[in-house]
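Student: predicted model and sequence follow; I will ask about them next.
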Amino acid sequence: MDLIQIGSLIVGPLVGVLAAYQINEWRRENLDRDRKKFFNNLLFEEISKSIILLKANKTNLIPIDGWNSLVNSGDVALFKDQAIQFSDVYFKIQMHNYEATRTRDALEAEISIPKFKQDLDVSLGPLKANLKLEQIFPRFSELKCNLLTTSDKLLEDLEALKELLAAVDTDSSYPGYNDPRYEEIKKELSLDKK
């Protein structure tokens, strides 16, 4: 065997492996981009619903299924720049849901005492229950105060994150997309096809 035959035996498989690697990498980037788009849209919708629920009543529980999907799948890594902000908001949502549940439970337990049922107007909602209840049950007042404080801050964070998600570039995995001459290059490529 001469050197050319040995070289062709090595180069052929090597080129095949490199080509397969490049194709696999391209497909992985496309799948990552698609997953990022999916979670971006999912969180955007969930945050929009959460904002509406919080504005309507601070004791509403906030939907968390999209957040759980993002965290449990490990795809939060797709949002490298926003991962810390996502983590903070996710924690605040969990705390809000915990406090809202405790506030609701406290109110239900306290209004179940027969003596106070006639004095309480629950039709106004848990946070607008009359003052007599808060004076008699100071724990409810404390829970309500904590919930109102955290809900207002959470609402601000959700609105900021909604704006951020609306601006997230889900196509950045394509090479050249961030190039300032992107439109010019795109036109040149379309002319080459003709």
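Tutor: Thanks, I have it.
Student: now the helices for the chain?
Tutor: Using DSSP state H, the helices found in the chain span residues 3-56, 65-73, 83-111, 114-117, 131-136, 138-167, 182-193.
Student: same list (these) but as TSV, adding mean pLDDT.
Tutor: As requested, the helices of the chain are arranged in TSV below (pLDDT from 0 to 100):
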stretch	mean pLDDT
helix 3-56	87
helix 65-73	90
helix 83-111	85
helix 114-117	54
helix 131-136	53
helix 138-167	82
helix 182-193	57
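Student: nearest residue to the middle of the chain?
Tutor: Leu43 (4.1 Å; C-alpha atoms, centre = their mean).
Student: how many residues are close by the nearest residue in space to Pro63 that is not next to it in sequence?
Tutor: The shortest distance from Pro63 to any non-neighbouring residue, by C-beta to C-beta, 6 or more residues apart in numbering, is to Glu46 (5.3 Å). Placement of C-beta: from N, CA and C, glycine included. Neighbourhood size, Glu46 [other C-beta atoms under 10 Å]: 21.
Student: check contacts around Val168.
Tutor: For Val168, the contact set (C-beta atoms under 8 Å, 6 or more residues apart in numbering) comprises Lys36, Asn40, Phe79, Gln82.
Student: pretty sure the residue nearest to Pro63 is touching Trp67, no?
Tutor: Yes: using C-beta atoms under 8 Å, Glu46 makes contact with Trp67 at a distance of 7.1 Å.
Student: from His96, how far off is Asp152?
Tutor: 10 Å (C-beta to C-beta, to the nearest Å).
Student: higher neighbour count, those two?
Tutor: His96 (25 against 12).
Student: Thr103 is in contact with Leu147, isn't it?
Tutor: Yes: between Thr103 and Leu147 there is a contact at 5.1 Å, judged by C-beta under 8 Å.
Student: thank you, goodbye.
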